[in-house]
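Trainee: Quick one, what's the 3D model for this:
(4 chains)
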Number of protein chains: 2
Amino acid sequence: MTSTPLSRSEAKDLTRRRLIRAAFAILDEEGEAGLTTVKVSKAAGIAQSSFYVHFKDRQELLRALGEQAGERLRGAMREARHRAREVPGDKERHREAFRIPLEAICRHPALFRLGLRARHDPSSPLQEFAVETAAAYRAHLVADLASFGFPTERESDRRRLEMIADGIGALTNAMAIGHIDGRYPDLEEAVDVLVAFSYGYLRLLRKDSSAWSGNPPSTPSDAPPAEVCPEPGESSKKGNL
Amino acid sequence: MTSTPLSRSEAKDLTRRRLIRAAFAILDEEGEAGLTTVKVSKAAGIAQSSFYVHFKDRQELLRALGEQAGERLRGAMREARHRAREVPGDKERHREAFRIPLEAICRHPALFRLGLRARHDPSSPLQEFAVETAAAYRAHLVADLASFGFPTERESDRRRLEMIADGIGALTNAMAIGHIDGRYPDLEEAVDVLVAFSYGYLRLLRKDSSAWSGNPPSTPSDAPPAEVCPEPGESSKKGNL
DNA sequence: CGATTCACCGATAGTACTATCGGTGAAAAA
DNA sequence: TTTTTCACCGATAGTACTATCGGTGAATCG
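Mentor: Numbering: from 1, shown residues only, chains lettered A, B, ... in the order given. Have a look, this model is predicted:
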């Protein structure tokens, strides 16, 4: 029991953090439909009406959740980039480029799931942000792949690169979900599979250009696959069909 | 205007179909949160209270949506399997094996999105079914891959096969979404990318066994990637983190 | 110390939804 | 034709949620 009496502002901040923590938990367990001021407040141990001391309305809570998720994601990306630079040896660096985003995802499984869900949910205020984050991740992978000799002259080259980046992200997400769900307990096996798939698109490089040795982009690592954040406001309906 | 007066039961059936059609549209536009008896009934052109003439409650509507989605999915799978058998030539059959599920998905984009969303949404009554359908699709791909010489003796072999199947599904989904969203307008380019990735895991086959010629499982086609259906009741919460 | 601030409380107005009920008229059965 | 059935209607009870308001006491300030 560390009972420093806490100043008023410290106490308020603590309560706010409790609210956000509770909100993440509910979001993860029940999805966005379950995220009511009643439940969040109760879970945080305050009266429902006191919710409005900390947030203007329900939307502002969601915005806060988004910002926090984005912050954590960027932190994980930074760290991943840093780590990838320090790995010795081509082959091991190749593996590391796939292992790092996997680990980054598995460090925040709830956050990851949240982003994955929001990305396909037009009712989620986090959808727009999740979609944009996914696009940003693809763009980063594209830059990495291009810097390793994949052709980018023609429009079709660039589109193909975009598709490959998309595929790498999807594969990484699938392996991460499998690991989180307990179906693939050994993360190294997941890395094996990602490496195996990677030899597929690397063939394209060998065929088109020739100045290359056999390992992949130094840091496809960079962003944990595109899943996590928000920063909503309005979810842009996307109409299909 | 074709005005056969319609018998009573025909009229009722028509109304029911209108309700289901409206429900799918709302689900696709607003997600599950927007699926209320008020909106569905209004969109179908009947009074809210009349909703209960056709469905016992809201859950029963969701169950019906699930059954219908499942039916369509199974139909698409059957057709895909049938088509794949009739393609001549190894290389073209290889491409077809990837093209068929892509086309099956793109024929029902709303359904596909719905399944993709439900799969990650614990609040969705369709989650359990979506997850099970995904697992069934993986199992099918695993059987196909095994029949083409991938080793399955050891537990780790089987797990690796499962992971590869998972990856193929994820890649197919990613390409399909990209196409539906308009980012990859040419479906043949998407097939190109899937084929490119496939050379990655096919290396494993060439290495381990040797009796093989260079084209992939005849029908990874089989199920359009694991996305579509429901058949809920209760969504089994999956707790992670 | 006395005055002020403010995080929190309970109560409640207002809104949106689910589900039920009795009534109605046209189709179907007799 | 007469009777019965039933798909649909409007009204409404009941529930769950959002957001506001005035009150309270402890921390903070003068």
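
Trainee: going forward, measure contacts between C-alpha atoms and count neighbours the same way
Mentor: OK.

Trainee: how much space between the closest residue to chain B within chain A and DNA strand D?
Mentor: Closest residue of chain A to chain B, CA to the nearest CA: A:Gly200 (3.6 Å). Distance, A:Gly200 to DNA strand D, by CA to the nearest atom of the strand, to the nearest Å: 48 Å.

Trainee: Next: A:Glu67.
Mentor: From A:Glu67 over to DNA strand D (counting by CA to the nearest atom of the strand), the distance is 18 Å.

Trainee: before we move on, what about A:Ala69?
Mentor: 20 Å.

Trainee: and what of A:Leu141?
Mentor: 38 Å.

Trainee: hang on, the earlier thing: which residues are in contact with whichever strand or helix holds the residue of chain A closest to chain B?
Mentor: Element membership for A:Gly200, per DSSP states H and E: helix A:187-208. Helix A:187-208 has contacts (CA atoms under 8 Å, 6 or more residues apart in numbering or on different chains) with A:94-95, A:98-99, A:102, A:149-151, A:164, A:171-172, A:175, A:179, A:184, A:212, A:214, A:216, B:160, B:163-164, B:193, B:196-201, B:203-204.

Trainee: Report pLDDT for the residue nearest to A:Met175 when sequence neighbours are not counted.
Mentor: Sequence neighbours aside, A:Ala190 is the residue nearest to A:Met175 in space, at 5.9 Å (criterion: CA to CA, 6 or more residues apart in numbering or on different chains). Among the per-residue scores, A:Ala190 holds a pLDDT of 97.

Trainee: cool, A:Leu114 as well?
Mentor: 83.

Trainee: mind checking how far it is from A:Arg17?
Mentor: 18 Å (CA to CA, to the nearest Å).

Trainee: cool, A:Ile164 as well?
Mentor: Where A:Arg17 is concerned, A:Ile164 sits at a distance of 39 Å (CA to CA).

Trainee: Same drill for the two, tell me which one is more crowded.
Mentor: Each of A:Ile164 and A:Arg17 has its neighbours counted (other CA atoms under 10 Å in any protein chain shown); A:Ile164 has more, 25 against 14.

Trainee: Let me see the backbone angles for the more buried one.
Mentor: Here is the backbone geometry of A:Ile164 (degrees, to the nearest 10): phi -60, psi -40.

Trainee: Check it and give its pLDDT.
Mentor: 95.

Trainee: ok, the closest residue to it other than its chain neighbours - how many residues close by?
Mentor: Closest residue in space to A:Ile164, ignoring its immediate chain neighbours: B:Val193 at 6.7 Å, by CA to CA, 6+ apart. A count of nearby residues for B:Val193, using other CA under 10 Å, gives 23.

Trainee: How about A:His179?
Mentor: Neighbours of A:His179 (other CA under 10 Å): 18.

Trainee: Could you measure from the residue nearest to A:Ile164 over to B:Gly200?
Mentor: 11 Å.

Trainee: and if you look at A:Leu205?
Mentor: 13 Å.

Trainee: cool, A:Tyr184 as well?
Mentor: Applying CA to CA to A:Tyr184 and B:Gly200 gives a distance of 20 Å.

Trainee: Run through the neighbouring helices and strands of the lengthiest helix in chain A.
Mentor: Selection of the longest helix in chain A by residue count, based on DSSP state H, yields helix A:58-85. Contacts defined by 3 or more CA pairs under 8 Å, 6 or more residues apart in numbering or on different chains; DSSP states H and E place helix A:58-85 against helix A:8-30, helix A:90-107.

Trainee: what's the closest of those helices to B:Asp28?
Mentor: helix A:8-30 (19.6 Å; CA to CA).

Trainee: So that closest one, near DNA strand D or not?
Mentor: Yes. Helix A:8-30 lies within reach of DNA strand D by CA under 7 Å from any atom of the strand, at A:Arg8, A:Ser9.

Trainee: For that helix, name the packing helices and strands.
Mentor: Under the contact definition 3+ CA pairs under 8 Å, 6+ apart, helix A:8-30 sits against helix A:37-44, helix A:58-85, helix A:109-119.

Trainee: Just say which of these is most tucked in.
Mentor: Mean neighbours per residue, mean count of other CA atoms under 10 Å in any protein chain shown, is largest over those for helix A:109-119, with a mean of 25.

Trainee: And that helix, how far out from the chain middle?
Mentor: Distance of helix A:109-119 from its chain centroid, counting by CA atoms, centre = their mean, to the nearest Å, is 7 Å.

Trainee: Say whether chain B is contacted by it.
Mentor: Yes. Interface with chain B: helix A:109-119 contributes A:Pro109, A:Ala110, A:Arg113, A:Leu116, A:Arg117 (CA under 8 Å from any CA of the partner chain).

Trainee: As TSV, the residues you listed with distance to A:Glu30 would be great.
Mentor: Below are those laid out as TSV (distance: CA to CA, whole Å):
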residue	distance to A:Glu30
A:Pro109	15
A:Ala110	12
A:Arg113	12
A:Leu116	14
A:Arg117	12
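
Trainee: and which of these is nearest DNA strand D?
Mentor: A:Arg117 (19.2 Å; CA to the nearest atom of the strand).

Trainee: How about the contacts made by that closest one?
Mentor: Contact criterion CA under 8 Å, 6+ apart gives B:Arg117, B:His120, B:Asp121 as the residues in contact with A:Arg117.
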